[in-house]
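[1] Sequence and predicted structure, then a few things I'm wondering about:
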Amino acid sequence: MPPRLGLLRRVGVASTVFSFALVVWGAIVRINGAGMTCPDWPRCRGAWFPALDPKVMYEYYHRVGAALLTVIVIATFLAAWLVRAEAPAAFKASWVSLGLIVAQVIAGAVTIVLQNDAPSVAVHLVLGFSTFVSLLMVTVIAYAQPTSTPTATPSDRFRWLALGTTVLAFVAVFAGGWMAASNDGLACSALPLCGASGALTSAQQIHMAHRYAAYVTIAAAVITWIGAMRARELDPFVRTASWIALAFAVLQGALGAATVMSGLEPVLRSWHEANAALLVASLVMLTYFAFRPRRAFA
């Protein structure tokens, strides 16, 4: 293995772990109602180093983390550039990470300008997930090597099924971010439907939009898993990824139900968002290897 490829793998793992931690920390900021404790940008309360009361601490450290992640993404891109000949797919993925972190920083500033309105928070959340997933893909691709014997190509139907499930997961994340920013997490306290009589209020409609998107995503993950199990010839990693995605999808549904039943217990809310990021990541990996089946861990 080329030494520079080993460097990319190590940097990739570090960047992936850090970006995932930042996603979870962002959820903690939102859960504690600290999203607007720094009402200006890029400074916080007019200072680069503000007084850190308990509320300001959450948002300020999130911003510091975002700045560090930007440096880490650049380092990942440079490491991928060094091995662009040996791992061209990883280099291409690093370009995606670089673009996403720029978009994420801009979106973070916009959420402050718009005072954390629901659409901007939802976009910010999706970009945060996407940045984490893109860094994970850089790392996974850096560890993947062409197999000596090409594996069978999945059917087009399975490929598009995997892609469709991934898109649905991102839609559910967007709807979840909108719901959380609107403070509508308890607008519907019954399960599996809202339980309200008569026409739903706007808050209940926002809540149920997220639930319906989640239900459809879980169902699609199950169907994708069935498709992977029924396929006669399939890249082993695709089959494994389908199992992982199924597990995260089922857990996500359970966590969503538990979060509502607990009255939005903070620990469950944080776990719910962390698991959502892992579900999206597993679906992206599943889709990538469905379209590029001649890869396996080496």
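    Cool, got the structure. Numbering: from 1, shown residues only.
[2] Could you tell me how many residues sit around A85?
    9 (other CB atoms under 10 Å). Every residue, glycine included, has its C-beta placed from N, CA and C.
[3] so how far is A245 from G227?
    According to CB to CB, to the nearest Å, G227 stands 12 Å off from A245.
[4] between the two, who's got more neighbours?
    Higher neighbour count among G227 and A245: A245, with 30 against 20, using other CB under 10 Å.
[5] Is the more buried one in a helix, a strand, or coil?
    helix (DSSP: H, G, I helix; E, B strand; the rest coil).
[6] Could you list every helix and strand that the host helix or strand of L163 packs against?
    Following DSSP states H and E, one finds L163 within helix 156-181. In terms of contacts (3 or more CB pairs under 8 Å, 6 or more residues apart in numbering; DSSP states H and E), helix 156-181 is packed against helix 118-143, helix 202-230, helix 266-291.
[7] for the last one, packing partners?
    Where contact means 3+ CB pairs under 8 Å, 6+ apart, helix 266-291 is packed against helix 3-31, helix 118-143, helix 156-181, helix 202-230, helix 236-261.
[8] Tell me who's in contact with V123.
    Going by CB atoms under 8 Å, 6 or more residues apart in numbering, V123 touches 107, 110, 174, 177.
[9] Could you tell me the angle between the helix holding L163 and helix 202-230?
    Counting by axes from the mean of the first three to the mean of the last three CA atoms, to 10 degrees, helix 156-181 lies at 150 degrees to helix 202-230.
[10] Quick check: buried residues in helix 156-181?
    Residues 158-159, 161-163, 165-166, 168-181 are the ones in helix 156-181 that count as buried (16 or more other CB atoms under 10 Å).
[11] I'd like the distance between the residue most central in space within the chain and K92.
    Taking CA atoms, centre = their mean, the centroid of the chain lies closest to F129, which sits 2.7 Å from it. For F129, the distance to K92 equals 20 Å [CB to CB].
[12] what sits against G253?
    Neighbours of G253 in contact, by CB under 8 Å, 6+ apart: 214-215, 218.
[13] can you rerun that using 7 Å?
    G253 sits next to 214, 218 when contact means CB atoms under 7 Å, 6 or more residues apart in numbering.
[14] Could you measure from it over to T165?
    14 Å.
[15] Ok, S270 next?
    Counting by CB to CB, the gap from S270 to T165 is 24 Å.
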